[in-house]
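> please work out how this folds:
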Amino acid sequence: MSLSTDDVAKIAHLARLAVTPDETGALKRDLSNILDLVAQMDAVDTADVEPMAHPLEMAQRLREDRADREDRRDDYQANAPAVENGLFLVPKVIE
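Below is the predicted model:
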């Protein structure tokens, strides 16, 4: 697929890229090559290909879900200026 200079300028504007006129030619060529590759991949017949949920059909080892540290919330909140129901109270910062 061949892109025009106007197409490249519009894509650069949408992507918020500052593209100089010297860079437009190279960017035009690179984007056209990318779109050609996408069109080539789109042309491949994948009707008989079974979709994969994950590339590796393996079971993941999971650790036991258990608490391994004691609850020290009261110790941590002892020096807090304001606490309510186990939560730190902070000043409102949204106007």
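
> end to end, how far does stretch 11-19 reach?
In stretch 11-19, first residue to last residue: 10 Å (CA to CA, to the nearest Å).

> any residues touching that stretch, and which ones?
Stretch 11-19 is contacted from outside by Leu3, Val8, Ala9, Leu27, Leu31, using CB atoms under 8 Å, 6 or more residues apart in numbering. All C-beta spots, glycine's among them, are computed from the backbone N, C-alpha and C.

> buried only: go through the residues you listed for me.
Neighbour-count burial (16 or more other CB atoms under 10 Å) is assigned, among the contacts of stretch 11-19, to Leu3, Val8, Leu27, Leu31.

> would you map the helices across this protein?
For the chain, the helices defined by DSSP state H cover 5-14, 21-42, 73-77.

> report the distance from the first one to the chain centre.
Average the C-alpha atoms of helix 5-14, do the same for its chain, and the two points are 23 Å apart (CA atoms, centre = their mean, to the nearest Å).
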